[in-house]
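1. Kindly return the folded structure for what I paste below:
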Amino acid sequence: MASKFFEHFLRIARAMTDAYRGGKSLWDEADGFFYDVLHLPDGGNVPLKVRSLVGLIPLLAVETLEHELVESLPAFKRRLTWFFENRVYLRDSGNVACVKDKGHHARRLLAIVNRERLIRTLKPMLDENEFLSEYGIRSVSKFHKENPYKFHVDGQTHTISYQPAESESGLFGGNSNWRGPIWFPINYLLIESLQKFDHYYGDSLKVECPTGSGHMLTLGEVATELSHRLVKMFLRNGDSERPIYGDQNTFQQDPHWRDLILFNEYFHGDNGAGLGASHQTGWTGLVAKLIQQSGG
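-> Predicted coordinates:
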């Protein structure tokens, strides 16, 4: 079972990152980012160059294998070795992380992105002028505020811009927005993935956080920084106000309400105000885990 999933993972990774059999890689080498690709009826492919969570989701496909675990599974280890030695694209393309290379404490890495592509993808993700908000990772880069993406088809123009709060479109009833706000579950998964990459690379890999700041952090430290930004939405700031309540004075000041914490569906990409459903504890409640990790 493990061998089967391992092989499927590698084949999907190749399909995403390597143009073969007439396909098109989702990775854009010039931009250093993953994009959606629209497959047309005539067989053509058009990359949709929107800097969104689409380009960060590949970071979530990561797992580390402990040396002791691999050694305890000789059949899996034999299949892993055979697959690497007999599938040339794993050795020569360099498009996916090489599972044969041993990292910190001889761990193995399964990941869509190799070291170079990981660093390049993290650059816009950790840029405060793009994805990195004071309160977490935005669902669309702030770059599109001044540079909206436009797609022309059948005489119509479709536009995607950065919208940090409620959707400006009537799609889905107008109450759903993946065009800028901070979504807690994706942020949580990004933090977990950074921790897994750090488990493999350790101190050998540091990135600038925030981008352009000159501060070099390990990926574990970046995960901690993102955790602190997310938790900060729920804590009182210097004005004794919680960012999640925005300009709602009753929740900010009234002693009967100010300590009743809501778990909103998503959050304003710039000021952290809670939006959407107010009791989305199914995923926003994950903030408790981040607090626990920080305390530990």
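2. check contacts around residue 111.
-> Residues near residue 111 by C-beta atoms under 8 Å, 6 or more residues apart in numbering: 61-63, 96-97, 118, 197. Yep, even glycine has a C-beta here, placed from its N, CA and C like the rest.
3. Mind listing residues that contact stretch 282-296?
-> Under the contact criterion C-beta under 8 Å, 6+ apart, stretch 282-296 has outside partners 184-185, 188, 191, 224, 227-228, 230-231, 234, 263-265.
4. now do stretch 150-162
-> 48, 50, 52, 138, 140-145, 148-149, 179-180, 269.
5. so residue 212 sits in a helix?
-> No: using DSSP: H, G, I helix; E, B strand; the rest coil, the assignment for residue 212 is coil, not a helix.
6. Burial check on the nearest residue to it once chain neighbours are set aside, number of neighbours?
-> The shortest distance from residue 212 to any non-neighbouring residue, by C-beta to C-beta, 6 or more residues apart in numbering, is to residue 127 (6.9 Å). The number of residues packed near residue 127 is 19, by other C-beta atoms under 10 Å.
7. cool, and residue 87?
-> The tally of other residues near residue 87 (other C-beta under 10 Å) stands at 15.
8. Kindly state the pLDDT recorded for it?
-> On the pLDDT scale, residue 87 is placed at 72.
9. How about residue 209?
-> We have a pLDDT of 97 for residue 209.
10. Is it in contact with residue 223, as I believe?
-> No: applying C-beta atoms under 8 Å, one finds residue 209 not in contact with residue 223, separated by 10.2 Å.
11. Just to be sure, residue 63 is in a strand?
-> Yes: under three-state DSSP, residue 63 falls within a strand.
12. returning to what we had before: from the contacts of residue 111, pick the one nearest residue 27.
-> Residue 27 lies nearest to residue 96 out of the contacts of residue 111, by C-beta to C-beta, at 10.2 Å.
13. helix/strand/coil for the closest one?
-> In three-state terms, and counting by three-state DSSP, residue 96 is coil.
14. any idea how far residue 31 is from the nearest residue to it once chain neighbours are set aside?
-> Nearest residue to residue 96, sequence neighbours excluded (C-beta to C-beta, 6+ apart): residue 13, at 4.5 Å. As judged by C-beta to C-beta, to the nearest Å, residue 13 and residue 31 stand 19 Å apart.
15. Comparing the two, which residue is more hemmed in?
-> Using other C-beta under 10 Å, the more surrounded residue of residue 13 and residue 31 is residue 13, with 21 against 14.
16. how about that one, phi and psi?
-> Per-residue torsions, residue 13: phi -60, psi -40 (degrees, to the nearest 10).
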